[in-house]
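Undergrad: Fold the following, please.
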Amino acid sequence: MMGRRACYRLSTADDPNGGSTGAERSPTDLFRLSELPYSVEIWDPEKSTVELVLAATVSGSIGYAAYHAATVEFPDRYIVLRRLDTVLSRWNAPAH
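TA: Residues are numbered from 1 along each chain as shown. I've put the predicted structure just below:
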């Protein structure tokens, strides 16, 4: 099980909707984040738990772009592109 989760909203300093760049968001924002169907997960080196949800989006194409970028940035890590509970693609999958 993962520890405390945080959700960050990146914005410009003059954003009229408030929040400074990198400001931590409320648990309500975390709930909204969990409603997004596509996610990119980076797993721990043992491939036993999700270490980081790198991206969450409503768009499959944005999800795939984030997944592809993660495979380039972290080529030795186990990375999963997921739509809800369905795994769409895996990088560096565990051996069977």
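
Undergrad: Next, count neighbours for the closest residue to residue 38 other than its chain neighbours.
TA: Counting by CB to CB, 6 or more residues apart in numbering, residue 38 lies nearest to residue 63, which is 3.2 Å off, once chain neighbours are set aside. From N, CA and C alone the C-beta is placed, and that goes for glycine too. Residue 63 has 23 neighbours, counted by other CB atoms under 10 Å.

Undergrad: what's next to the host helix or strand of residue 63, contact-wise?
TA: Using DSSP states H and E, residue 63 falls within helix 60-73. Residues from elsewhere that reach helix 60-73 (CB atoms under 8 Å, 6 or more residues apart in numbering): 38-40, 42, 54-55, 57, 77, 79, 81, 83, 88-89, 91.

Undergrad: Low-confidence regions, the chain specifically.
TA: Regions of the chain meeting the criterion pLDDT under 70 cover residues 1-34, 93-96.

Undergrad: For residue 61, see how far away residue 50 is.
TA: 22 Å (CB to CB, to the nearest Å).

Undergrad: Of those two, give the one with the bigger neighbour count.
TA: A count of neighbours by other CB under 10 Å puts residue 50 above the other of residue 50 and residue 61, at 16 against 9.

Undergrad: That one touches residue 43, doesn't it?
TA: Yes - counting by CB atoms under 8 Å, residue 43 is a contact partner of residue 50 at 5.8 Å.

Undergrad: Give the burial count for the nearest residue to residue 51 once chain neighbours are set aside, as a bare number.
TA: In this structure, residue 51 finds its nearest non-sequential neighbour in residue 44, 4.6 Å apart by CB to CB, 6+ apart. Using other CB under 10 Å, the number of residues around residue 44 comes to 13.

Undergrad: Residue 91 now?
TA: Using other CB under 10 Å: residue 91 sits among 20 other residues.

Undergrad: now swap in residue 81 and tell me
TA: Neighbours around residue 81, by other CB under 10 Å: 23.

Undergrad: Just list whatever residues bridge to it.
TA: residue 40, residue 89 (DSSP bridges).

Undergrad: ok, it touching residue 38?
TA: Yes - the pair residue 81 and residue 38 qualifies as a contact (CB under 8 Å) at a distance of 7.2 Å.
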